[in-house]
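> quick one: sequence and predicted model below, then my questions.
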Amino acid sequence: MRRNISSLTIVFCIVLLATAFTNFSFSQEQQEPQSSLMVDIQVKPGMQFEFEKFLKDELIPAMKKGGSQELGVWNRAVFGTANNYILSMPMTGMAEFDNPPAMFTALGQYGAQAMLSKMTQFADSARIYAITQLPDLAIASQDGYVPKIGFHARVTVAPGRDAEYLKNAKVVSDLIKKTSAKGFYAHRVGIGGNPNQFYFLVLLDSFADMEVWGQSFQKAVAGTEMPSMAGIVQLMEYSMYGYNAELSIRPAQ
């Protein structure tokens, strides 16, 4: 049965989406942990085309007009929850949310609210949360690299076992460095989500490339004593997402 949600919830998520994040530094050499705002949207069955058209023709132009400089749009690619979209954008701190969204300045309050309310036509649900990058585990992609697809792992760790898990995850990260991955990013979920969850994303060029990466990872693992995750990891979920370059806003390099 389709879930009933309030229009206000959807609009609130997208209003936050429309806030300009103008102070973010898009440097591959940045070592300080970066935080991002994530909006997880479940689109109604059969409404994907209309949803993407809305993003392209209305929401994204309004965000650009309001000053937004970066937005990543990902959608489920074959494996995972159908009709699922992830919209991500950098944030510099909670103080940003003390100010009105820049899009309201660009379009006016009523114009922005009217445009954003259209989101309820397409979305069954929307959840907003923050994630923080774990730079010690990351493998930065080359400058100018445009993502294609990503192998996504969502890991739920037992409460109080995060330090042990991160120590073990570093072993896996070092192995991934020996593979054909185009990039690897690790994040911890913060406010709005489960603080015992970690997200990992391996950047790849194609599904064929994913097969090559899998083989190279198995080769790296061979002969390595892998740390035990027994009692530490409660749940692991794998999915694939495709990066929608046409809908995303990429910062000037």
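The structure has been received and is ready for your questions.

> any idea whether residue 217 is helix, strand or coil?
Following DSSP: H, G, I helix; E, B strand; the rest coil, the label given to residue 217 is helix.

> for it, what are its contacts?
175, 176, 179 (Cβ atoms under 8 Å, 6 or more residues apart in numbering). (Each C-beta comes from the backbone N, C-alpha and C, glycine too.)

> how many other residues sit next to the second one?
It stands for residue 176. 21 (other Cβ atoms under 10 Å).

> my guess is it contacts residue 184, does it?
Yes: with contact defined as Cβ atoms under 8 Å, residue 176 counts as touching residue 184 (5.1 Å).

> among the contacts of residue 217, name the ones in helices.
175, 176 (DSSP state H).

> what is the burial count for residue 54?
Residue 54: 18 neighbours (other Cβ under 10 Å).

> the helix or strand harbouring it: which residues count as buried?
Using DSSP states H and E, residue 54 sits within helix 48-54. Residues 48, 51, 52, 54 are the ones in helix 48-54 that count as buried (16 or more other Cβ atoms under 10 Å).

> show me where this structure has helices.
Ranges of helices in the chain, per DSSP H, are 7-17, 48-54, 60-66, 102-107, 109-116, 162-176, 207-221.

> tell me which of those sits most buried.
Ranked by mean neighbour count under mean count of other Cβ atoms under 10 Å, the helices of the chain are led by helix 102-107, which reaches a mean of 20.

> tell me the pLDDT of residue 83.
Residue 83 carries a pLDDT value of 93.

> end-to-end on stretch 65-84?
One end of stretch 65-84 to the other measures 26 Å (Cα to Cα, to the nearest Å).

> before we move on, the earlier item: and for residue 176 and residue 184, which residues touch both?
Residues touching both residue 176 and residue 184 (Cβ under 8 Å, 6+ apart): 139, 202.

> outline the domain layout of the protein.
7-130, 149-242 (automatic domain parsing).

> and the shortest one, end to end?
I take that to be domain 149-242. Domain 149-242 has an end-to-end distance of 4 Å (Cα to Cα).

> how about low-confidence regions in this structure?
Within the chain, the ranges that satisfy pLDDT under 70 run 1-33, 100-103, 105-106, 252-253.

> which parts of it are strands?
In the chain, the strands defined using DSSP state E lie at 35-43, 72-76, 84-91, 123-133, 149-157, 183-189, 197-204, 233-243.
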